[in-house]
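Participant: next one to model:
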Amino acid sequence: MYLGFYPETMDQQKIAWTGTLLTDTALAWHLHRYRELQDNDTWTNYVAAIRAEYHNEREAEDAQLKLGQLKYQGLIRMYMTEFRTLNNFARATGEDLKEKVDLAMPDSILEMRFNQNPEDLMEDEQFLHATYRAGIQLEKKKALKGASELVKGTQPPKDDRRKDGQVKGSPDNTRRGKENAKESDLRRDGATERKSQYGSQGRWAPKDAALAGVPAKEQEEYGRVRENC
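Facilitator: Numbering: from 1, shown residues only. You can find the predicted model right below:
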């Protein structure tokens, strides 16, 4: 990548700069090659030689295995970074690449990607980018939902207060309700008792019952007073 920014760099400069990055047996190999070829070496030959010397024949197989085991863990950026790193060695493309990605994704991301891209995604980069955008969108929705639930959880419960300042269902209210109910029962029982005692006239006793025990003279006086009223 560094050398890509400086395309005018000469082969001998590239080889010398690469040597500064090597250690141990790789550095010993580099110095031995330089002593043998000196300025006759070329960058193309040098790259081919070092790859042949240190190529891991199982590197691609190991990368393929790890790529198949790689799963989405809640962060699409992390998944894509690991996927691209492993795929530099595994070299998965086309349907093989798509299958590995789809098996690693939850259904929610696959549905989001399809809703955003109903057409077929033929190119590998187009497919990876669409999956990335779907993952980002889903993670944003989850974050907003989590923040909303957190805000709702911190709000105090509503007080159901009446005009007298007592909370509905409080001990004072419960006691007062029982007292009011008791008074109501007493009034109802009194009315029932009077009705049973005096009949259909309700609370007022009949005339004969009301004048019982009153002397006859006073009854006559009471009658005259009522006639003059």
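Participant: all contacts plus neighbour counts: C-alpha atoms, from now on.
Facilitator: OK.
Participant: pLDDT below threshold where in this protein?
Facilitator: Low-confidence segments of the chain (pLDDT under 70): 1-6, 155-215, 217-219, 221-229.
Participant: helices of that one, residue ranges please.
Facilitator: Residue ranges of the helices in the chain, as given by DSSP state H, are 11-19, 24-37, 43-54, 59-69, 76-90, 94-104, 107-116, 124-154, 171-198, 207-211, 216-228.
Participant: let's have these in a markdown table, adding mean neighbour count.
Facilitator: Below are the helices of the chain laid out as a markdown table (neighbours: other Cα atoms under 10 Å):
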| stretch | mean neighbour count |
| --- | --- |
| helix 11-19 | 15 |
| helix 24-37 | 13 |
| helix 43-54 | 12 |
| helix 59-69 | 16 |
| helix 76-90 | 16 |
| helix 94-104 | 16 |
| helix 107-116 | 15 |
| helix 124-154 | 14 |
| helix 171-198 | 13 |
| helix 207-211 | 10 |
| helix 216-228 | 10 |
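Participant: state the distance from Thr18 to Ala49.
Facilitator: Noted for Thr18: a distance of 13 Å to Ala49, by Cα to Cα, to the nearest Å.
Participant: over to Gly68?
Facilitator: Using Cα to Cα, one gets 31 Å for the distance from Gly68 to Ala49.
Participant: contacts for stretch 114-122?
Facilitator: With Cα atoms under 8 Å, 6 or more residues apart in numbering as the test, stretch 114-122 has contacts from 94, 127, 130, 134.
Participant: show the contacting residues for the nearest residue to the last one once chain neighbours are set aside.
Facilitator: Translated: Ala134. Excluding the flanking residues, the one nearest Ala134 by Cα to Cα, 6 or more residues apart in numbering is Arg113, at 5.0 Å. Arg113 makes contacts with 130-131, 133-134, as judged by Cα under 8 Å, 6+ apart.
Participant: ok, Asn87 touching Leu67?
Facilitator: Yes. At 7.2 Å, Asn87 counts as touching Leu67 under the criterion of Cα atoms under 8 Å.
Participant: how close does the residue nearest to Ala134 get to Arg133?
Facilitator: Distance of Arg113 to Arg133, given as Cα to Cα: 8 Å.
Participant: contacts for stretch 137-144 next, please.
Facilitator: When contacts are taken as Cα under 8 Å, 6+ apart, the neighbours of stretch 137-144 outside the stretch itself are 74-75, 108-109, 112.
Participant: then stretch 43-60?
Facilitator: Outside stretch 43-60, the residues that touch it by Cα under 8 Å, 6+ apart are 11-12, 14-15, 89-91.
Participant: one more time with 10 Å
Facilitator: 10-15, 18, 26, 29-30, 33-34, 62, 64, 66, 86-91 (Cα atoms under 10 Å, 6 or more residues apart in numbering).
Participant: now swap in stretch 17-27 and tell me
Facilitator: With contacts defined as Cα under 10 Å, 6+ apart, stretch 17-27 is touched by 3, 11-13, 28-34, 47, 50, 53-54.
Participant: of these, which is the nearest to Lys145?
Facilitator: Nearest to Lys145 among the contacts of stretch 17-27, counting by Cα to Cα, is Leu3 at 46.2 Å.
Participant: how about the contacts made by Val101?
Facilitator: Val101 makes contact with 67-68, 70-72, 79-80, 83, 95, 110, 127-128, 131, according to Cα under 10 Å, 6+ apart.
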